[in-house]
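Participant: okay, structure incoming, though there's no sequence with it:
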Ligand code: SF4
Ligand code: SF4
């Protein structure tokens with residue numbers, strides 16, 4: 001693999017397929033949850049903020065997305081089922097687009113699973129933080145949450161819904177990934193997604209104790225042997241996609257943020273007061289979608305047809321939107337992923353671009 005042009009002043013290289021409309025959208029339905037995960041990117045509270053959009057507004061926004069050509073809707077949070085009115089939104093979206101739900105499954109019993117199936121949910125992505133109750137519950141902060149998530153997965157499977165298990169890899173669970181694959185197989189999941197950690201929300205505050213070096217993560221991934229019938233999905237090298245070109249996301253307060261992993265860095269506008277497509281034209285949004293970067297790994301470019309890896313972690317570690325993604329082994333450049341850079345002066349971004357604005361929180 002090769003990396004080219006590592007200086008900020010280098011000519012930008014690469015490029016993404018042009019897309020004039022989003023094809024898929026992620027909805028951050030709520031920033032509330034019944035768990036207290038140390039890795040929570042949403043920094044969830046127990047009670048939903050009154051400023052979170054009601055289901056009726058989401059349904060109107062979804063119609064705008066469908067008119068623009070969106071064919072896939074991912075609903076996540078927080079814990080979406082912590083707000084029961086999410087069922088109205090799923091029921092509206094499911095006949096019009098592939099509709100997926102990311103959930104901790106602790107609020108799913110047979111009645112809820114049957115309802116989700118009946119209103120047309122496509123599949124469920126269930127977060128587990130460990131193969132054992134000890135590991136999982138220590139990371140969620142709620143005793144008994146592992147048992148309740150497993151019960152939820154069983155209910156989803158009994159209702160005939162496909163389940164993918166997701167795990168945010170961290171120092172508390174990286175030795176339990178193989179048993180987690182075995183558990184997912186035993187519970188009838190189709191796939192396991194091993195996700196790299198992002199320095200966002202509570203995970204950022206606990207980064208010093210929960211993060212891993214790139215070498216530790218690569219070794220843990222390399223050691224995995226997926227049981228027959230389990231598809232292993234991983235989100236870093238050699239699969240370091242720069243998927244900004246196709247992403248749209250709206251947070252719980254109605255702000256267009258491009259991707260949930262950009263939730264603390266960008267704000268392209270309030271889609272309750274302006275058309276979504278006006279935010280899609282924001283100069284920074286257009287810049288990130290263009291996929292031109294300072295350095296690109298040849299392996300990623302050939303396998304993913306995108307360049308430079310994830311823009312969220314590139315910005316988090318380098319403070320530049322076009323910087324190399326340090327989670328990519330070909331572009332890491334000696335960055336110790338266990339050490340977050342101290343906040344510095346806002347970087348120079350160029351004409352039309354701006355630093356992160358932090359649209360994640362319930363600001364007054
Ligand atoms: S289950 Fe998900 S949304 Fe809830 S606290 Fe944990 S990470 Fe946050
Ligand atoms: S910020 Fe990262 S995960 Fe999100 S769309 Fe961009 S490259 Fe993909």
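Facilitator: Looks like it arrived, so ask away. All values reported here derive from a predicted model rather than from experimental measurement. Ligands and ions are numbered 1, 2, ... in the order given.
Participant: shaky segments in the protein?
Facilitator: 1-10, 344-364 (pLDDT under 70).
Participant: for residue 99, helix, strand, or coil?
Facilitator: Of the three states, residue 99 takes strand under DSSP: H, G, I helix; E, B strand; the rest coil.
Participant: can you mark which positions in stretch 322-337 are buried?
Facilitator: 322-332, 335, 337 (16 or more other CB atoms under 10 Å). The C-beta positions use only the backbone N, C-alpha and C, and glycine is treated the same way.
Participant: what residues does the stretch 51-200 of the chain have near ligand 1?
Facilitator: Contact residues, the stretch 51-200 of the chain versus ligand 1 (CB under 6 Å from any ligand atom): 77, 78, 79, 104, 127, 140.
Participant: now do the same contact list for the residue of the stretch 1-150 of the chain found nearest ligand 2.
Facilitator: Going by CB to the nearest ligand atom, ligand 2 is nearest to residue 26 of the stretch 1-150 of the chain, at 9.1 Å. Neighbour list for residue 26: 73, 74, 75, 76, 247, 248, 249, 250, 259, 260 [criterion: CB atoms under 8 Å, 6 or more residues apart in numbering].
Participant: ligand 2 next: which of those are close?
Facilitator: Within the contacts of residue 26, those near ligand 2 by CB under 6 Å from any ligand atom are 247, 259.
Participant: save the contacts of residue 26 as a markdown table, and put in neighbour count, secondary structure and distance to residue 198 too.
Facilitator: Below are the contacts of residue 26 laid out as a markdown table (neighbours: other CB atoms under 10 Å; DSSP: H, G, I helix; E, B strand; the rest coil; distance: CB to CB, whole Å):
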| residue | neighbour count | secondary structure | distance to residue 198 |
| --- | --- | --- | --- |
| 73 | 24 | strand | 22 |
| 74 | 20 | strand | 16 |
| 75 | 24 | strand | 19 |
| 76 | 21 | strand | 14 |
| 247 | 22 | coil | 15 |
| 248 | 27 | coil | 18 |
| 249 | 23 | strand | 14 |
| 250 | 28 | strand | 18 |
| 259 | 19 | coil | 11 |
| 260 | 23 | helix | 9 |
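Participant: which of the residues of the stretch 51-200 of the chain next to ligand 1 fall in strands?
Facilitator: The strands, defined by DSSP state E, take in residue 127 from these.
Participant: neighbours of residue 12, how many?
Facilitator: When neighbours are defined as other CB atoms under 10 Å, residue 12 has 17 of them.
Participant: ok, now which ones touch the closest residue to it other than its chain neighbours?
Facilitator: Once flanking residues are discounted, residue 12 sits nearest to residue 292: 3.8 Å by CB to CB, 6 or more residues apart in numbering. Counting by CB under 8 Å, 6+ apart, residue 292 makes contact with 12, 13, 14, 15, 307, 322.
Participant: between those, which is closest to residue 218?
Facilitator: Nearest to residue 218, judged by CB to CB, of these is residue 307 at 20.6 Å.
Participant: what secondary structure does that closest one sit in?
Facilitator: Applying three-state DSSP: residue 307 is coil.
Participant: excluding chain neighbours, what is closest to it?
Facilitator: Residue 307 sits nearest to residue 14 (CB to CB, 6+ apart), 2.9 Å away.
Participant: in contact with the one you found, which residues are there?
Facilitator: Contacts for residue 14 were tallied using CB under 8 Å, 6+ apart; they are 242, 291, 292, 293, 296, 301, 306, 307, 308.
Participant: how many neighbours does the nearest residue to residue 173 once chain neighbours are set aside have?
Facilitator: Spatial nearest neighbour of residue 173, excluding adjacent residues (CB to CB, 6+ apart): residue 130 at 4.7 Å. Per other CB under 10 Å, the neighbour tally for residue 130 reads 23.
Participant: residue 130: what secondary structure?
Facilitator: Here residue 130 is coil, with the state taken from three-state DSSP.
Participant: quick one, phi psi at it?
Facilitator: phi -170, psi 160 (degrees, to the nearest 10).
Participant: ok, now which ones touch it?
Facilitator: Residue 130 touches 136, 138, 139, 146, 167, 172, 173, 176, 180, counting by CB under 8 Å, 6+ apart.
Participant: how close does it get to ligand 1?
Facilitator: 12 Å (CB to the nearest ligand atom, to the nearest Å).
Participant: gap between that residue and residue 257?
Facilitator: Distance of residue 130 to residue 257, computed by CB to CB, to the nearest Å: 29 Å.
Participant: list the contacts of stretch 174-187.
Facilitator: 128, 130-132, 135, 150, 153-154, 157, 163, 165, 167, 169, 173, 191-192, 194, 212, 216-217, 220-221, 223-230, 232.
Participant: can I get the buried part of the residues you listed as one PyMOL selection?
Facilitator: Of the contacts of stretch 174-187, the buried ones can be selected in PyMOL as follows, counting by 16+ other CB under 10 Å:
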select buried, resi 128+130+131+135+150+153+154+157+163+165+167+169+173+191+192+194+212+217+220+221+226+230+232
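Participant: show me the contacts of stretch 174-187 that map onto strands.
Facilitator: Counting by DSSP E, the part of these found in strands is 163, 165, 167, 191, 192, 194, 232.
Participant: can you put those in CSV and add distance to ligand 2?
Facilitator: Output for the ones in strands among the contacts of stretch 174-187, formatted as CSV (distance: CB to the nearest ligand atom, whole Å):
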residue, distance to ligand 2
163, 22
165, 19
167, 17
191, 18
192, 18
194, 15
232, 18
